[in-house]
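# 3D, please:
(2 chains)
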Amino acid sequence: MTRDTRLAWINGLMLPLLNVLTAFAAIAIVFVFINVDPIEAAKIVIYGTLGYEEGIGYTLYYATNFVFTGLAVAVAFHAGLFNIGGEGQAYVGGLGVALVVLAFDPSISPWIVIPASIMGSLLFGALWAIVPGYLQAYRGSHIVITTIMFNFIASALMVYMCVHVLREVGQMNPQSKMFPETAWLPFIHDVFAGIGYKIAPSPLNLSIVLALLFSLLVWIFLWHTRWGYAIRATGKNTTAAVYGGIKPKKVIVITMCISGALAGLVAVNELLGYQHRLMLDFQYGYGFGGIAVALMGRNHPAGILVAALLFGILYQGGMELAFELPNVSRHIVVVMQGLVILFCGALEYIYKPWLVRFLAPVEVSE
Amino acid sequence: MDNSHIAIELIDVDKHFGAVHANDKVSLTVKTGTIHGIVGENGAGKSTLMSILYGFYQADSGHIKVFEKDCKFTSSRQSIDAGIGMVHQHFMLVENFTVLENVILGTEGGALISESLEKARKELTRLGVEYGLEVDLDTPVESLSVGILQRVEILKGLYKGAKILILDEPTGVLTPQETDELFRIFTSLKEQGVTIILITHKLREIMSITDQVSVMRDGKMVAHRQTNETSFEELAELMIGRKVLLNIDKSESKSGSPVLKVKNLHVSNEQGIERVKDVSFEVCSGEVLGIAGVTGNGQGTLLKALTGILPLTEGSIEVFGEIITSNNHLGPKILRELGIAHVPEDRQRMGLITEFSASESALLGYHNDKQLNQGLWLKKSLVRDNCESLMSAFDVRPADPKLKSSNFSGGNQQKLIVAREFERNPEVLIIGQPTRGVDIGAIEFIHKRIIAMRDAGKAVVLVSVELEEIMSLSDRIIVMCDGQITGKVDAIDAEERTLGMMMANVLNPSETNQEAQP
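The predicted structure follows:
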């Protein structure tokens, strides 16, 4: 094995694995401190997320959201952009979904309403990302600052929309009226029932197919099209990209559009798939989780699928813990996620020097 | 101050960077209280040598003595303590700090800096008066001109107790008046017993200000001279030297009509500084036009303008019937489609993407090509075949399209780039430093290909700092200095010495600054 392949193995597989294990160890220590037996907790998490049909359904349902936001972060990252506005883009994507669904008459066929509302989520997510993208490309405002500010703007906008514009008549809750059933994305348990298999009901819906499809599309787009080439060239070496006739400013704006559109798809899973109405904070935490997912998944769709599954497990596992154990609050989800992000994101390379020294030392050459 | 003292003595200093022998048993003696010039072309090893002296790099072998004491520098701090101060080519100043704050940077003292600020203010005022280096200490650095910034750098060195000042290309960014002023400061520093090492490639400065001069070439110290016993001509010859001339069988050129016409071109670089000033030339099909000059005299900017990377500020470029002006900018994509190929000067930063595989780097600039795309898809198999055929045509080794671009040697990277640009059969070739850092075998190969393109009736513009490369490949030669054309000759009439002097622009002294005022 050459040193390069060894380094690739270390970076691609061993580091993420070690980081996750460290995070689990840290979580175990937290459990000891709150008087929870870590072994018992692990059992609950494993059973609760992978042990029975409903649990699996929930795990995959949460994972779907992380796939979308993870892909969003990854695409931007390949152009050298750090899009941390997935949260806001997903949120505004929900507005796109709701406006399209509520604009249609309930009698119109789902074959029209559902694709149109998916387009709505893509479009609104993209619109929310295009402004920071433009400001970065043509005005030099840093994308990290603008996207995070746009998260707050999105939050304010959505509160306004839910309270003043889309609130159901005669209701106190800041949420839209229920979507007509023609706009519901079928649940997976219904799909299985349709072909004769009976599985336990869960929020898992056809969005997961969409997530897999978009993972494939992103992979093809980035590595098998000329536009993907332009994006990656810009991200790796802007000088060379300019030399190659690529216009980095254009690439930045287009990449942010795609990134925002992908984040917008969270709304499809949440609103068309499960909630069936627009409500406040339906996207809560998925946008930021996507950053960790992309980092862990090494910005590759295959890695993102694995990392998203892990985050789905953490999410669902945390819920189960809070449910099963009286002295665990549901905020344990945030603690667990936080520790995973800490060790996989912030402390990503903590083991690297040691691994490199032992497994791929620099070859001494004359 | 006792002038018999030796300020710096380097004995057999040796330094390798990978395969590059940057300093080859370099020895140097600098007397206390003198101004010592070190000249040499870019890449001759001057900067490496000074970085070793300043503790940035450690020499592989050899000895360093400062004021006759053996020294081993592993950091610049130790070097400063030994009394060495360095003024870098690019100033190391904090833009929004005042002069005073910048000077005490690194020597703040305790938790409260007011005390050291007061101390520094007194000391700096004294130094300013003593050496004629007055600067307003409370002005933020960002609002000062480069000439003043340089004074701040010198003050910084002196404040830290430097008895030896190293200045790396100090006049590169200065106007002639600022240069005069700087030289006046040098003289007064020298009178106070400060030793100055001046690194430059401008012979005029060496002749006007230094006491001794040492010449470096190819990592070796080739000569030491008393300035008043040498001449422009001798230094130019020593600096450029005679390397193994690679013989090129080339026939008489059969040049046709002009293809590329450049008229009164002005171009500013990325920082907005005008680097090409009123340049005009024509290139015909079937000829190689060589552009000679010391690096950083506008050739790089000219190349970028010719290939659409930088817009023009004035003048025009006419090619294939298209007229490019400041209002009508054509980008690299359009120019490439029109038939202009570009082998960039900096292959690592511009010519390829080091993290991409060879086949992806072999695609740069041509990723929109219909031959490689099928509908929406950039076909992996076509991309690989493309790379394989380039590799076999130009003998790139290893011939592995999947290998990361950074894992190829410099020569093979360059061959891949040249292959990519030449194999498209362009009409105009813009080539920058085609053989910089490339091994002898690859040099010969690339040279032959350039001549083959010329013989196929292409127009070639060749920029190189290697004079012999220019002389052996070109049919006509123009020389650039400070953004202007300072000489035009036919290759047959060209002599290294005259070209060298055109490069330093010593043939037309009226155009540059006069002797420094004492």
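
# Nearest spatial neighbour of the residue in chain A positioned nearest to chain B, chain-adjacent residues omitted?
Proximity of chain A to chain B (Cβ to the nearest Cβ) peaks at residue A:245, 3.0 Å away. In this view, the C-beta of every residue, glycine as well, is placed from N, C-alpha and C. In this structure, residue A:245 finds its nearest non-sequential neighbour in residue B:333, 3.0 Å apart by Cβ to Cβ, 6 or more residues apart in numbering or on different chains.

# burial count for the one you found?
Residue B:333 has 16 neighbours, counted by other Cβ atoms under 10 Å in any protein chain shown.

# How about residue B:122?
10.

# host element of it?
According to DSSP states H and E, residue B:122 maps onto helix B:114-131.

# residue boundaries of the helices in the stretch 151-300 of chain A?
For the stretch 151-300 of chain A, the helices defined by DSSP state H, counting those that start in this stretch occupy A:188-194, A:207-224, A:226-236, A:238-243, A:248-264, A:266-267, A:286-296.

# Reformat those as JSON lines; add mean pLDDT, distance to chain B and mean neighbour count.
Listed next are those as JSON lines, based on pLDDT from 0 to 100; distance: least, Cβ to the nearest Cβ, whole Å; neighbours: other Cβ atoms under 10 Å in any protein chain shown:
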{"stretch": "helix A:188-194", "mean pLDDT": "93", "distance to chain B": "30", "mean neighbour count": "15"}
{"stretch": "helix A:207-224", "mean pLDDT": "96", "distance to chain B": "6", "mean neighbour count": "18"}
{"stretch": "helix A:226-236", "mean pLDDT": "96", "distance to chain B": "5", "mean neighbour count": "23"}
{"stretch": "helix A:238-243", "mean pLDDT": "95", "distance to chain B": "5", "mean neighbour count": "22"}
{"stretch": "helix A:248-264", "mean pLDDT": "97", "distance to chain B": "11", "mean neighbour count": "26"}
{"stretch": "helix A:266-267", "mean pLDDT": "96", "distance to chain B": "26", "mean neighbour count": "34"}
{"stretch": "helix A:286-296", "mean pLDDT": "90", "distance to chain B": "18", "mean neighbour count": "27"}
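
# Output those helices in a markdown table, with distance to residue A:332 appended to each entry.
Formatted as a markdown table, the helices of the stretch 151-300 of chain A follow (distance: least, Cβ to Cβ, whole Å):
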| stretch | distance to residue A:332 |
| --- | --- |
| helix A:188-194 | 27 |
| helix A:207-224 | 25 |
| helix A:226-236 | 37 |
| helix A:238-243 | 43 |
| helix A:248-264 | 26 |
| helix A:266-267 | 23 |
| helix A:286-296 | 15 |
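
# Can you tell me which of those is nearest to residue B:369?
Comparing the helices of the stretch 151-300 of chain A by their distance to residue B:369 (Cβ to Cβ), the top pick is helix A:226-236, with 8.6 Å.

# Centre of the chain to the closest one, how far?
22 Å (Cα atoms, centre = their mean, to the nearest Å).

# OK, contacts around the residue nearest to residue A:245?
A:245, A:246, B:308, B:365, B:368 (Cβ atoms under 8 Å, 6 or more residues apart in numbering or on different chains).

# can you tell me which two in these are farthest apart?
B:308 and B:368, at 15.2 Å, using Cβ to Cβ across those.

# now residue A:276: how far from residue A:199?
The gap separating residue A:276 from residue A:199 is 20 Å, by Cβ to Cβ, to the nearest Å.

# Next, count neighbours for residue 151.
Went with chain A since none was named. Applying other Cβ under 10 Å, we find 20 residues neighbouring residue A:151.

# you looked at the wrong chain, it should be chain B
24.

# One more: residue B:226?
Counted with other Cβ under 10 Å, residue B:226 comes out at 10.

# what is the nearest residue to it once chain neighbours are set aside paired to in the beta sheet?
Distances taken as Cβ to Cβ, 6+ apart place residue B:212 nearest to residue B:226, at 6.0 Å, with adjacent residues excluded. Beta bridges link residue B:212 to residue B:36, residue B:226 when assigned by DSSP bridges.

# pLDDT value on residue 60, please?
You didn't say which chain, so I picked chain A. The confidence metric pLDDT takes the value 97 at residue A:60.

# that's the wrong chain, I meant chain B
Value listed for residue B:60 in the pLDDT field: 87.

# again, but for residue B:36
For residue B:36, pLDDT reads 95.

# what's the distance between it and residue A:79?
In terms of Cβ to Cβ, residue B:36 sits 50 Å off from residue A:79.

# on that earlier part again, these two touch, right, the residue nearest to residue B:226 and residue B:36?
Yes - using Cβ atoms under 8 Å, residue B:212 is in contact with residue B:36, at 5.0 Å.

# so what's in contact with the two at the same time?
residue B:30.

# got the residues of chain A near chain B?
A:4, A:220, A:224-226, A:228-230, A:232-233, A:236-237, A:239-240, A:242-247 (Cβ under 8 Å from any Cβ of the partner chain).

# if we go to 6 Å?
By the rule Cβ under 6 Å from any Cβ of the partner chain, the part of chain A lying against chain B is A:224-226, A:229, A:233, A:236-237, A:239-240, A:242-245.

# Next up, the contacts around the nearest residue to residue B:474 once chain neighbours are set aside.
In space, and not counting its chain neighbours, residue B:474 is closest to residue B:290: 3.0 Å by Cβ to Cβ, 6+ apart. By Cβ atoms under 6 Å, 6 or more residues apart in numbering or on different chains, the contact set of residue B:290 is B:462, B:470, B:474, B:477.
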